[in-house]
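Colleague: Have a look at this prediction, sequence included:
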Protein chains: 2
Amino acid sequence: MPHDHAHDRPDAALAKAIDKLRAHDLRVTEPRKAMLAILVQEHGPFSAEELHGKLRAKECDVVTVYRSLQAMEEIGVLRRCDFGDGTYRYEFNHGEHHHHHIICRTCRSVHTLDLCVADSLERLARQMGYQNVSHTLEVFGTCPSCAAK
Amino acid sequence: MPHDHAHDRPDAALAKAIDKLRAHDLRVTEPRKAMLAILVQEHGPFSAEELHGKLRAKECDVVTVYRSLQAMEEIGVLRRCDFGDGTYRYEFNHGEHHHHHIICRTCRSVHTLDLCVADSLERLARQMGYQNVSHTLEVFGTCPSCAAK
DNA sequence: TTTCGTGCAAAACCTTTGCAAAGTG
DNA sequence: CACTTTGCAAAGGTTTTGCACGAAA
């Protein structure tokens, strides 16, 4: 095979995610498939409400979106982002490829930073005896276009 | 003068914080003084409810705690932490000395990491034209004693 | 068929807001 | 005195829960 960066082919990434659902004894339902399809293509992190809005014509209840997002985050298919504004956002977890965001304090736009500097901190935590170590890192600022105004 | 690490002397740190309130035209009230006194001594980050519980015998309403925490965070006297559990926590801001936390997913204990690795990310954000750049970085894991069980 | 997911409604939770009274500079 | 802060109650917004019905394996 060439490379298996699910990242590169949306369909493959989606299939992989669905396999992961089955592997964790989670049912592959219509709402979940619809949610994943959106999250694979539009990579920006979305809140439950936002994602529900993108599901054509009320494909399911918002509560189902909340429950599915949580379930899929727990098995590592999604990643939860916290921008400190009281709303959780989720994005598709493209494997080990870790990245972060810059969030504009004014217009709330999100820019992806394709690198991670927290590996050393995670290593330190493991040395201290912590297990299942993870982290959240978000950068905030006023984006160029908001600053211009 | 020797060194002016307000960090070293609780009273000095508190006095400095109170000066900062006045400098920003915020009133120095009993609730605020009481809250600061606690936050200067017990450095762990506290939620509004937790802090209110520490104020002896209902010194003020919880709403006042919420409002004061927010006001003091805005002028840089406090720092707001977000551990991703839906509750904001605040800690005294000891100057430029930036640090982070390891939060146990099980017992919610908080351990302070006295270093910061995100400077390069902030620098990058500034190079991209962002202004007033800041960040949040928290590490999560299962602490040694919880892992043992 | 057995187990899990869903919809609806209602609750829970943390945080914010409105307004009159009280406190600060 | 002018202005901010407080208390109380009530609202706000997001997320969670209970339970009967429906869907997946």
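Modeller: Thanks, I have the structure now.
Colleague: Can you pull the residues of chain A lying near chain B?
Modeller: Contact residues (Cβ under 8 Å from any Cβ of the partner chain) of chain A with chain B: A:80, A:82, A:84, A:100, A:102, A:104-105, A:111, A:113, A:115, A:117-118, A:120-122, A:124-126, A:128-144, A:147. The way it works is simple: take the backbone N, C-alpha and C, and place the C-beta from them, glycine included.
Colleague: So which of these sit within helices?
Modeller: A:120, A:121, A:122, A:124, A:125, A:126, A:144, A:147 (DSSP state H).
Colleague: The fifth one contacts residue B:139, doesn't it?
Modeller: Yes: here residue A:125 reaches residue B:139: they are 5.2 Å apart, a contact under Cβ atoms under 8 Å.
Colleague: what pairs with residue A:101 across the strands?
Modeller: residue A:112, residue A:138 (DSSP bridges).
Colleague: roughly how far apart are it and DNA strand D?
Modeller: 16 Å (Cβ to the nearest atom of the strand, to the nearest Å).
Colleague: Which positions in stretch A:128-141 come out as buried?
Modeller: By neighbour count on 16 or more other Cβ atoms under 10 Å in any protein chain shown, the buried set for stretch A:128-141 is A:130, A:133, A:135, A:136, A:137, A:138, A:139, A:140, A:141.
Colleague: how close does the first one sit to DNA strand C?
Modeller: Yep, that's residue A:130 we're talking about. From residue A:130 to DNA strand C the distance is 24 Å (Cβ to the nearest atom of the strand).
Colleague: Report the contact partners of the closest residue to that residue other than its chain neighbours.
Modeller: If the residues on either side of it in the chain are set aside, residue A:130 comes closest to residue B:141, at 3.3 Å by Cβ to Cβ, 6 or more residues apart in numbering or on different chains. Residue B:141 makes contact with A:125, A:126, A:130, A:131, A:132, A:133, A:134, B:102, B:103, B:104, B:105, according to Cβ atoms under 8 Å, 6 or more residues apart in numbering or on different chains.
Colleague: and of those, the nearest to residue B:28?
Modeller: Of all the contacts of residue B:141, residue B:103 has the smallest distance to residue B:28: 32.5 Å, by Cβ to Cβ.
Colleague: And the closest one, how close does it get to residue B:82?
Modeller: Residue B:103 is 10 Å from residue B:82, where distance means Cβ to Cβ, to the nearest Å.
Colleague: With residue A:115 instead?
Modeller: In terms of Cβ to Cβ, residue A:115 sits 22 Å off from residue B:82.
Colleague: So for the two, which residue has more residues nearby?
Modeller: More crowded of residue A:115 and residue B:82, by other Cβ atoms under 10 Å in any protein chain shown: residue B:82, with 19 against 11.
Colleague: Show the model's pLDDT score for the residue most central in space within chain A.
Modeller: By Cα atoms, centre = their mean, chain A has its centre lying nearest to residue A:91, at 1.9 Å. Model confidence at residue A:91, given as pLDDT, is 94.
Colleague: Can you say which helix or strand has it in it?
Modeller: In the assignment (DSSP states H and E), residue A:91 maps to strand A:88-92.
Colleague: where does chain A dip in pLDDT?
Modeller: Per-residue confidence of chain A (counting by pLDDT under 70) places the weak regions at A:1-10, A:57-58, A:96, A:149.
Colleague: What residues does it have near DNA strand D?
Modeller: A:22, A:27-30, A:47-49, A:62-63, A:66-67, A:70, A:86-88 (Cβ under 7 Å from any atom of the strand).
Colleague: Try it again at 6 Å.
Modeller: With Cβ under 6 Å from any atom of the strand as the criterion, chain A meets DNA strand D at residues A:27-30, A:47-48, A:63, A:66-67, A:70, A:86-88.
Colleague: most neighbours, which of these?
Modeller: For the residues of chain A next to DNA strand D, neighbours tallied by other Cβ under 10 Å; top is residue A:48, 21 neighbours.
Colleague: got the contact list for residue A:146?
Modeller: A:104, A:105, A:106, A:107.
Colleague: What separation do you get for the closest residue in space to residue A:116 that isn't next to it in sequence and chain B?
Modeller: In this structure, residue A:116 finds its nearest non-sequential neighbour in residue A:98, 4.3 Å apart by Cβ to Cβ, 6+ apart. Per Cβ to the nearest Cβ, to the nearest Å, residue A:98 is found 13 Å from chain B.
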